[in-house]
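Novice: With the sequence up front, the predicted model follows.
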Amino acid sequence: MSTAAERRPITSRMSGDARRAQIREVAADLFDRSGYRDTSMDRIAEEVGIKKASLYYYFPSKDRLLIEMHDEMIELIIASHEARMNAGTATASELLRGMMTDIISLQETHPGSLRVFFEHFKEIPEPERARVMERRAVYEGYLREQLQRGMDGGEFKPLDIRFATFAILGMANWSYQWFRPGGTATAEQVAAAFWSMLSEGIAAT
């Protein structure tokens, strides 16, 4: 597997935003391979190809990198869901399957950041952790909203929204542990299979 540094050319001529994105990508790759705790700022600077002082100019601490990775992950899936929802044409089932696809697809596009998102949330310092929790709650609220919409419209049978939410998020979130891009199924196919099991069940009728 190529590293983030290999995928994104290292160059000294970058805009500030491009450099920050490069640093996040390289750091996420290192966190994924070596672990968050065992990856030093020195190692990140070395991999990016910049001086440690320059790294601290963009990110004053490893905590700041952690926070921005969490922000990026949650904002990507919130924005994706809101775009589909605002189009006004999708059913509750289509929106929920789309939400599952969004989460699983992050393993294809942001594998290192996704691992950090799920495994190192508790290491985010306050008050940033509370803010991140609020954004996660927004996403969970969207999911509950579509479950209720599906019941109200007769698309779903009566169900316990709390348990259904746990089931959907549990299936989608845990996939980062085993789903690998380039395998026998895409993120979209995995999400479709999960949704089929949830909506149709697995018992023979």
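Specialist: Happy to help now that I have it. Numbers count the residues shown, from 1 in each chain.

Novice: what about Met171, which helix or strand?
Specialist: If you go by DSSP states H and E, Met171 is part of helix 161-174.

Novice: Run through who's touching that helix.
Specialist: Contacts to helix 161-174, defined as CB atoms under 8 Å, 6 or more residues apart in numbering, come from residues 96, 99-100, 103-104, 118, 140, 143-144, 147-148, 151, 191, 194, 198. In short, each C-beta sits where N, CA and C put it, glycine included.

Novice: Within the helices and strands, which one has the spatially most central residue of the chain?
Specialist: Closest residue to the average C-alpha location of the chain: Met73 at 4.1 Å, with CA atoms, centre = their mean. Met73 is part of helix 62-87, with elements assigned from DSSP H and E.

Novice: buried stuff in that helix?
Specialist: Residues of helix 62-87 classed as buried: 62, 65-70, 72-74, 76-78, 80-81, 85 (neighbour count, 16 or more other CB atoms under 10 Å).

Novice: circling back to that earlier point, could you give the average pLDDT over the helix holding Met171?
Specialist: Mean pLDDT, helix 161-174: 96.

Novice: And that helix, what's buried?
Specialist: For helix 161-174, burial by neighbour count (16+ other CB under 10 Å) applies to Ile161, Ala164, Ile168, Leu169, Met171, Ala172.

Novice: Could you identify the most distant pair in the contacts of helix 161-174?
Specialist: Phe118 and Met151 (28.8 Å; CB to CB).

Novice: Poorly predicted segments of this protein, please.
Specialist: Residue ranges of the chain with pLDDT under 70: 1-13.

Novice: Over to Ile202. Which of the three states is it?
Specialist: coil (DSSP: H, G, I helix; E, B strand; the rest coil).

Novice: Can you redo the buried residues of helix 161-174 as JSON lines, where the extra columns are distance to Arg180?
Specialist: Converted to JSON lines, those look like this (distance: CB to CB, whole Å):
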{"residue": "Ile161", "distance to Arg180": "32"}
{"residue": "Ala164", "distance to Arg180": "28"}
{"residue": "Ile168", "distance to Arg180": "22"}
{"residue": "Leu169", "distance to Arg180": "21"}
{"residue": "Met171", "distance to Arg180": "17"}
{"residue": "Ala172", "distance to Arg180": "16"}
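
Novice: circling back to that earlier point, can you name the next helix or strand after the helix holding Met73?
Specialist: Scanning forward in sequence from helix 62-87 by DSSP H and E, the next helix or strand is helix 92-109.

Novice: Give me the distance from that next one to the chain's centre.
Specialist: 10 Å (CA atoms, centre = their mean, to the nearest Å).

Novice: What helices and strands are in contact with the following helix or strand past that helix?
Specialist: Using DSSP H and E, the helix or strand that follows helix 92-109 in sequence is helix 111-119. If contacts are counted by 3 or more CB pairs under 8 Å, 6 or more residues apart in numbering; DSSP states H and E, helix 111-119 sits against helix 16-34, helix 62-87, helix 92-109.

Novice: Enumerate every residue touching the nearest residue to the residue nearest to the centre of the chain once chain neighbours are set aside.
Specialist: With sequence-adjacent residues excluded and distances taken as CB to CB, 6 or more residues apart in numbering, Met73 is closest to Phe117, at 4.5 Å. Listed by CB under 8 Å, 6+ apart, the contact set of Phe117 reads Met69, His70, Met73, Ile74, Leu106.
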